[in-house]
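K.L.:
Okay, here's the prediction I keep looking at, along with the sequence it came from:
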Amino acid sequence: MLRSHRDKQQSFELVSLEELVPQDHLLRKVDKYIDFSFIHEKVSPLYCTDNGRPAIDPTVLFKMIFLGYFYGIRSERQLEREIQTNLAYRWFLGLGLTDKVPDHTTISWNRRTRFKDTTIFQDIFDEIVLQAISHRMVGGRVLVTDSTHVKANANKHQYTKERVLQNTKDYMDELNVAVKEDRRNHGKKPLKSREEVNEEKEVKVSKTDPDSGYMIRDGKPEGFFYLDHRTVDMKYNLITDVHVTAGNVHDSVPYLSRLDRQRERFGFQVEAVALDSGYLTTPICRGLQNRKIFAVIAHRRFHPRQGLFPKWKFEYDAKCNVYRCPAQQELPYRTTDRKGYRQYASDPVQCRHCPLLDRCTQSRNHRKVVTRHVWEDSKEWVRSNRLSPSGKQLYRKRKETIERSFADAKELHGFRYCRLRGLPNIKEQALMTAAVQNMKKIAIPPGSPGETGVTPCSSRYQTIMM
């Protein structure tokens with residue numbers, strides 16, 4: 001006998017929302033292990049205490065935002081609809097079956113007005129990291145950093161060309177002192193001081209999102225993007241830092257300042273870092289060596305002019321301070337330029353009759369010049385770290401940590417594309433995406449069903465990470 005259940009829609013039942021949400025639901029675990037009470041304390045200075053209409057509980061407001069990032073719901077209007085019909089979402093927000101869901105415009109209004117020009121999203125991200133530290137899930141001793149591109153909400157064909165100032169180098173003062181000292185040690189006169197020259201370059205500026213940057217990289221898509229510079233702790237792959245820049249900013253520019261911020265904000269005693277080849281610059285190598293941090297940075301391949309000897313064919317003799325060419329002729333020190341490069345030049349008389357001249361240089365005066373930075377020792381120190389057994393083992397963990405973190409953000413949390421426009425809004429998206437990723441790590445212990453992270457590595461740095 002067939003029966004219709006249509007009448008069930010009109011029936012009344014006595015139910016408990018607590019019983020309808022499965023005990024193993026992700027939101028139950030998040031609510032159990034994450035303490036959201038700090039939100040009210042962080043945002044209370046932004047609310048008026050004795051005027052206006054009663055505000056929505058800020059904890060409920062931010063939990064709504066978290067739900068959107070937990071499940072990759074890009075539209076806040078759609079988020080409101082999902083909460084109306086999803087019992088687990090209502091339970092997480094503390095709403096009953098008949099309670100009205102806060103309007104989606106509340107989120108956008110607070111973003112445009114109350115939270116504008118504040119650090120609230122950074123503060124919330126930092127608090128989640130501090131809770132991870134309290135759960136002993138962050139060691140703060142081995143960090144891995146990289147960047148990923150996020151497509152801006154902008155048409156790559158709609159732009160104007162403008163001339164902008166180059167990024168200032170925060171290490172120039174230290175470099176100038178090093179150049180002056182190096183010239184003095186070699187018996188050279190100090191360089192004449194010159195007025196500061198602000199170098200400019202022509203860039204493409206989007207008409208729809210001027211804060212984004214036009215990115216052109218080998219093997220990467222071309223267009224307007226943002227870069228998410230992210231750092232993860234190798235112990236359980238918790239994200240410890242997020243920094244967003246335009247897509248045309250080099251990876252190495254914000255690195256050292258963001259590393260110092262983590263050490264100051266969370267008290268990290270960083271002992272080792274692993275970086276991609278984009279960070280293999282002399283200032284970064286120098287900065288990490290000065291901080292006494294074991295640095296492993298991928299090798300960057302340089303392609304010399306076809307048919308000529310690569311630079312590594314010229315052997316440097318530190319004791320005599322000379323280079324020796326493949327024909328075993330010495331290239332003595334000549335001078336040190338403003339950019340910090342020592343120049344070692346050959347004798348044209350000897351080179352003119354050398355059988356290897358055609359493979360050495362194509363200069364008209366038959367002189368070969370090899371350059372070496374005053375901080376080149378730091379780069380060689382990093383290179384030796386990379387080739388060591390512990391360095392090789394440490395670098396192999398990159399793809400299991402930072403690359404996995406980016407993949408989860410893009411595949412599971414909608415971080416492949418920018419939801420809104422403007423650098424502040426993209427920072428919010430990056431910080432909140434990283435925050436919910438950390439919440440999931442804290443709520444789902446490593447090794448348990450549904451866990452998407454990595455277990456602690458078994459290298460010599462296991463003791464460091466613990």
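P.N.:
Nice, I can see it.

K.L.:
Report the contact partners of the closest residue to K379 other than its chain neighbours.
P.N.:
Distances taken as C-beta to C-beta, 6 or more residues apart in numbering put C285 closest to K379, at 4.6 Å, once the chain neighbours are dropped. C-betas here are computed from N, CA, C, even on glycine. Listed by C-beta atoms under 8 Å, 6 or more residues apart in numbering, the contact partners of C285 are 295, 297, 375, 378-379, 381-382.

K.L.:
biggest separation within those, which pair?
P.N.:
I297 and W375 (14.0 Å; C-beta to C-beta).

K.L.:
which residues of the stretch 351-466 of the chain score low on pLDDT?
P.N.:
Confidence mapping of the stretch 351-466 of the chain against pLDDT under 70 gives the ranges 445-466.

K.L.:
Phi first, then psi, for the nearest residue to L97 once chain neighbours are set aside.
P.N.:
Spatial nearest neighbour of L97, excluding adjacent residues (C-beta to C-beta, 6+ apart): L17 at 6.2 Å. Per-residue torsions, L17: phi -60, psi -30 (degrees, to the nearest 10).

K.L.:
Pretty sure L17 sits against Y89.
P.N.:
No - counting by C-beta atoms under 8 Å, L17 sits too far from Y89 to count as a contact (11.0 Å).

K.L.:
more crowded one of these two?
P.N.:
When L17 and Y89 are compared for neighbours, Y89 comes out ahead with 21 against 14, by other C-beta atoms under 10 Å.

K.L.:
so that one touches R81, yeah?
P.N.:
No - between Y89 and R81 there is no contact under C-beta under 8 Å: 10.5 Å.

K.L.:
For the chain, which segments are assigned as strands?
P.N.:
Under the criterion DSSP state E, the chain carries strands at the ranges 142-151, 159-165, 200-206, 213-215, 223-233, 239-246, 272-275, 294-297, 315-317, 322-324, 330-336, 341-345, 369-373.

K.L.:
Can I get the first one as CSV, trimmed to CA atoms?
P.N.:
Included here for strand 142-151 are C-alpha records, laid out as CSV according to Å, rounded to 0.1, in the frame of the first residue of the first chain:
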residue,chain,number,x,y,z
VAL,A,142,61.0,25.6,12.1
LEU,A,143,59.0,27.8,9.7
VAL,A,144,58.3,27.4,6.0
THR,A,145,57.3,30.5,3.8
ASP,A,146,56.1,30.9,0.3
SER,A,147,53.6,32.9,-1.7
THR,A,148,50.7,32.0,-4.0
HIS,A,149,48.8,34.1,-6.5
VAL,A,150,45.1,34.9,-6.0
LYS,A,151,43.2,36.1,-9.1
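
K.L.:
so for it, what's the average pLDDT?
P.N.:
Strand 142-151 comes out with an average pLDDT of 95.

K.L.:
how about the helices of the stretch 51-200 of the chain, start to end?
P.N.:
In the stretch 51-200 of the chain, the helices defined using DSSP state H, counting those that start in this stretch lie at 58-70, 76-85, 87-93, 104-112, 120-134, 172-185.

K.L.:
Point out the most buried one among the ones you listed.
P.N.:
Highest mean neighbour count of the helices of the stretch 51-200 of the chain: helix 58-70, a mean of 21 (counted as mean count of other C-beta atoms under 10 Å).

K.L.:
which strands and helices sit next to that one?
P.N.:
Counting contacts by 3 or more C-beta pairs under 8 Å, 6 or more residues apart in numbering; DSSP states H and E, the secondary-structure elements packed against helix 58-70 are helix 26-33, helix 38-43, helix 76-85, helix 87-93, helix 104-112, helix 423-443.

K.L.:
switch the cut-off to 6 Å
P.N.:
Applying 3 or more C-beta pairs under 6 Å, 6 or more residues apart in numbering; DSSP states H and E, one finds that helix 58-70 contacts helix 38-43, helix 87-93, helix 423-443.

K.L.:
was I right about P102 contacting P58?
P.N.:
No - counting by C-beta atoms under 6 Å, P102 sits too far from P58 to count as a contact (11.0 Å).

K.L.:
rewinding a little: and the residue nearest to L97, how far is that from R90?
P.N.:
In this view, L17 and R90 are 7 Å apart by C-beta to C-beta, to the nearest Å.

K.L.:
now do H157
P.N.:
44 Å.

K.L.:
What of D218?
P.N.:
Counting by C-beta to C-beta - D218 and R90 are separated by 48 Å.

K.L.:
Also P424?
P.N.:
Distance from P424 to R90, by C-beta to C-beta: 30 Å.

K.L.:
now do D173
P.N.:
Counting by C-beta to C-beta, the separation of D173 from R90 is 57 Å.

K.L.:
same check, this time on F115
P.N.:
For F115, the distance to R90 (C-beta to C-beta) stands at 24 Å.

K.L.:
In contact with D117, which residues are there?
P.N.:
Going by C-beta atoms under 6 Å, 6 or more residues apart in numbering, D117 touches no other residue.

K.L.:
ok, now E80?
P.N.:
By C-beta under 6 Å, 6+ apart, E80 lies in contact with 101, 104.

K.L.:
Thanks a lot, catch you later.
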